[in-house]
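with the sequence up front, the predicted model follows.
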Amino acid sequence: MDKIPLRILGQAKSDSTPEHFIIILEDGKESRRLPIVIGPYEAQAIAIGLEGISVGRPMTHDLLKNTIAAFQGELKEVVIDRIEEGVFHARLQCEDASNQQFSIDARSSDAIAMAVRFDCPIYTYEPVLSEAALPAEDTEIIYEGDAQEPEPVPTQPDPNKALHEYSKQELETFLERALEREDYESAAKLRDTINNKSNN
């Protein structure tokens with residue numbers, strides 16, 4: 001099956017789910033656009049990668065890039081290869097030091113965040129575009145240069161707000177940051193709150 005190249009046009013706020021963003025990809029013929037809903041953390045990671053912003057300590061996608069590079073590997077391309085139950089799936093097509101090819105399953109948002117860091121091409125297949133793409137003339141976009149950067153994702157809860165008031169995704173982001181800071185007491189509280197939300 002022939003691969004169809006995609007390019008990133010920009011990101012926009014989601015109208016239906018305000019806490020999320022939409023990243024818009026366009027095919028090589030500039031005739032169809034593929035909107036993919038992503039979370040605020042992934043939107044920020046993609047924006048940081050596009051702008052080449054240094055954030056001090058490596059974020060998760062930077063850590064993965066550094067790990068691949070440390071083993072003399074390279075990300076050759078990203079392929080958004082299928083849609084299952086409305087969810088986009090992607091693969092990272094990599095090459096190791098001995099030129100052996102291997103593929104890693106990934107969320108589409110993570111795959112795009114990796115692609116901008118490795119400056120590698122993004123592809124998809126016709127069945128994906130046929131199912132989910134929109135005609136270019138019907139799609140309002142924000143181009144990269146004009147895109148509004150996602151608001152910074154908070155790294156820890158507001159002390160004046162109860163943990164259960166946050167979404168599960170926000171709590172998981174706080175948990176990741178707490179572990180990075182080695183704040184295990186906060187991490188334990190966040191873990192318990194996440195578990196309670198999952199069980200309810």
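Perfect, I can see it now.

report the separation between the residue positioned nearest the centre of the chain and Glu42.
Taking C-alpha atoms, centre = their mean as the criterion, Ser109 is the residue nearest the geometric centre of the chain, at 2.6 Å. For Ser109, the distance to Glu42 (C-beta to C-beta, to the nearest Å) stands at 4 Å. Quick note: C-beta positions are derived from backbone N, CA and C, even for glycine.

list the buried ones in the least confident helix or strand in the chain by mean pLDDT?
Among the helices and strands of the chain, helix 168-180 carries the lowest confidence by mean pLDDT, DSSP states H and E, at a mean of 79. Residues of helix 168-180 classed as buried by neighbour count (16 or more other C-beta atoms under 10 Å): 170-175, 177-178.

can you redo the residues you listed as CSV with distance to Ile22?
Converted to CSV, those look like this (distance: C-beta to C-beta, whole Å):
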residue, distance to Ile22
Glu170, 19
Leu171, 23
Glu172, 21
Thr173, 19
Phe174, 24
Leu175, 26
Arg177, 25
Ala178, 29
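
and the two most separated of those residues?
Glu170 and Ala178 (12.5 Å; C-beta to C-beta).

ok, the buried residues of helix 168-180 vs Gly10, which is closest?
Looking across the buried residues of helix 168-180 and measuring by C-beta to C-beta, the closest to Gly10 is Thr173, at 23.0 Å.

what values do phi and psi take at the nearest residue to that closest one once chain neighbours are set aside?
In this structure, Thr173 finds its nearest non-sequential neighbour in Tyr41, 5.4 Å apart by C-beta to C-beta, 6 or more residues apart in numbering. With angles defined as degrees, to the nearest 10, Tyr41 sits at phi -60, psi -40.
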